[in-house]
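K.L.:
Build the 3D model from these lines:
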Amino acid sequence: MKVKNISKVSGPMPISDPYIMGVHHYDKFPKGNGEMGPNESLSGRKKGNDFNPENDWRMYHGEKIPGFPHHPHRGFEIISIVPEGFADHFDSKGSKGRYGQGDVQLMSAGSGVLHSEMFPLVNDDKENPLRLFQIWLNLPGKNKLTDPDYKMIWKENLPEGNFEDKNGANVNVKVVLGEYQGVKSVDPLKNSWAADPNNHVGIAMITLDPNTTFTLPNVSSTMKRYVLFYDGKSTIDIDSYKLQQDQLADLMGDQEIEIINGDSPAKILILEGEPINEPVAAYGPFVMNTQQELQEAFNEYRKTEFGGWPWGDKESDLVNPKDAGRFASYDFDKVIDKPAV
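P.N.:
Model prediction:
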């Protein structure tokens, strides 16, 4: 048996230890209104809580600009991958930035951080589609109260390779964490579960030409392995199963897995990793090991707000200037990072 389960994904992905949660947002946002909001009426939407999957796009918790205004996290790492569109980041440690169009953000919440992620609609003359994957990778107990950490992997620096399959067709591999086909990721955050290669953490974006084959190797009987087919018109064959768009395959980690694409291009997301095998106590934005630790997290947040919000009005849909471009700023502009273009 190579396939444990096939699931239709219409909300959070059904993934497990070392992962806490995974979501895939795809919004066909309209033209911007000049203020980075949608140039369409918001009437009929649930203001501040717009998640209707039947709509072409959602405002999420944003009021005028779509996204997620400031909120806290503790005890895990967030991997945000934005193949299309843009995300604006602000946090309580003095970091801010704009990333997208293929960029990846790694952020460890550690002992606690406030952050916001909004989706600015920077184009007023054309639509603003957004595709975003957000993956919550747990931290082991010994690292849950480490200092928060944050860095960008600009698309220009994201390790990538193109390979011919056995029939001479092309497979494109972008490696966020781990190693695939000899393509190795940039260094993970220092306290990440991915920092130890023995934990076999792997996250990769794979683009398959029509009728191509991509093979995942036999790694470990305990390793978790998931494949999300998120964009394509045909089906993908895995063992005796036909995977359709927006389906997730839960696969064996100790089997060689052949992924055979159909007659149109396809894009898949791979998530792999050994389980941490520790108790999980999670509620909302906090992921700890015990209920006592969870209560301590809430108590500390109520008292300290994890250092407070240094960016003014907490309720605002905070974004960077429209023409800011892609950048990351750390510690209140003491360090500026921009992609080499």
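
K.L.:
Would you mind listing where the stretch 201-341 of the chain has pLDDT under the threshold?
P.N.:
Residue ranges of the stretch 201-341 of the chain with pLDDT under 70: 314-315.

K.L.:
And the strands in it?
P.N.:
Using DSSP state E, counting those that start in this stretch, the strands of the stretch 201-341 of the chain run over 202-208, 213-216, 224-232, 236-238, 241-243, 247-251, 257-261, 266-273, 281-283, 286-288, 327-330, 335-337.

K.L.:
tell me the angle the longest one makes with strand 247-251.
P.N.:
I take that to be strand 224-232. Here strand 224-232 runs at an angle of 160 degrees relative to strand 247-251 (axes from the mean of the first three to the mean of the last three CA atoms, to 10 degrees).

K.L.:
Against which helices or strands is strand 224-232 packed?
P.N.:
In terms of contacts (3 or more CB pairs under 8 Å, 6 or more residues apart in numbering; DSSP states H and E), strand 224-232 is packed against strand 19-29, strand 247-251, strand 257-261, strand 266-273. Bear in mind the C-beta positions are built from the backbone N, C-alpha and C, glycine included.

K.L.:
Can you say which of those strands is packed in most?
P.N.:
Of the helices and strands packed on strand 224-232, the one with the most neighbours on average (mean count of other CB atoms under 10 Å) is strand 266-273, at a mean of 24.

K.L.:
and that one, how far out from the chain's middle?
P.N.:
12 Å (CA atoms, centre = their mean, to the nearest Å).

K.L.:
what's the neighbour count on D56?
P.N.:
12 (other CB atoms under 10 Å).

K.L.:
Quick check: the gap between G284 and I20.
P.N.:
Distance from G284 to I20, counting by CB to CB, to the nearest Å: 12 Å.

K.L.:
Figure out which of the strands of the stretch 201-341 of the chain is closest to L318.
P.N.:
Checking those against L318 by CB to CB gives strand 327-330 as the closest, at 13.7 Å.

K.L.:
Could you list the residues in contact with that closest one?
P.N.:
Where contact means CB atoms under 8 Å, 6 or more residues apart in numbering, the residues beyond strand 327-330 that reach it are 89, 94-99, 150-152, 335-338.

K.L.:
For those residues, which ChimeraX command selects only the ones that are buried?
P.N.:
A single ChimeraX command selects the buried members of these (16 or more other CB atoms under 10 Å):
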select :89,95,96,97,98,99,150,151,152
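
K.L.:
Relative to T222, which of the contacts of strand 327-330 is nearest.
P.N.:
Taking these together and measuring to T222 by CB to CB, the closest member is K151, at 28.9 Å.

K.L.:
unless I'm mixing things up, the closest one is touching P188, no?
P.N.:
No. Using CB atoms under 8 Å, K151 is not in contact with P188, being 9.7 Å away.

K.L.:
shared neighbours of these two, anything?
P.N.:
In contact with both K151 and P188: L106, using CB under 8 Å, 6+ apart.

K.L.:
before we move on, back to that, closest to K233 out of the helices and strands packed on strand 224-232?
P.N.:
Proximity to K233 (CB to CB) singles out strand 266-273 among the helices and strands packed on strand 224-232, at 8.2 Å.

K.L.:
what's the angle from the closest one to strand 202-208?
P.N.:
Using the same axes, to 10 degrees: strand 266-273 against strand 202-208 is 160 degrees.

K.L.:
Output the contacting helices and strands for strand 266-273.
P.N.:
By 3+ CB pairs under 8 Å, 6+ apart, strand 266-273 packs against strand 19-29, strand 128-138, strand 202-208, strand 224-232.

K.L.:
and those strands as TSV, adding distance to I268?
P.N.:
TSV is the format used below for the helices and strands packed on strand 266-273 (distance: least, CB to CB, whole Å):
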stretch	distance to I268
strand 19-29	11
strand 128-138	11
strand 202-208	5
strand 224-232	5
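
K.L.:
ok, back up a step: reformat the strands of the stretch 201-341 of the chain as JSON lines; add distance to R131.
P.N.:
Below are the strands of the stretch 201-341 of the chain laid out as JSON lines (distance: least, CB to CB, whole Å):
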{"stretch": "strand 202-208", "distance to R131": "11"}
{"stretch": "strand 213-216", "distance to R131": "20"}
{"stretch": "strand 224-232", "distance to R131": "8"}
{"stretch": "strand 236-238", "distance to R131": "18"}
{"stretch": "strand 241-243", "distance to R131": "19"}
{"stretch": "strand 247-251", "distance to R131": "16"}
{"stretch": "strand 257-261", "distance to R131": "19"}
{"stretch": "strand 266-273", "distance to R131": "10"}
{"stretch": "strand 281-283", "distance to R131": "26"}
{"stretch": "strand 286-288", "distance to R131": "25"}
{"stretch": "strand 327-330", "distance to R131": "20"}
{"stretch": "strand 335-337", "distance to R131": "23"}
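
K.L.:
Cool, thanks, signing off.
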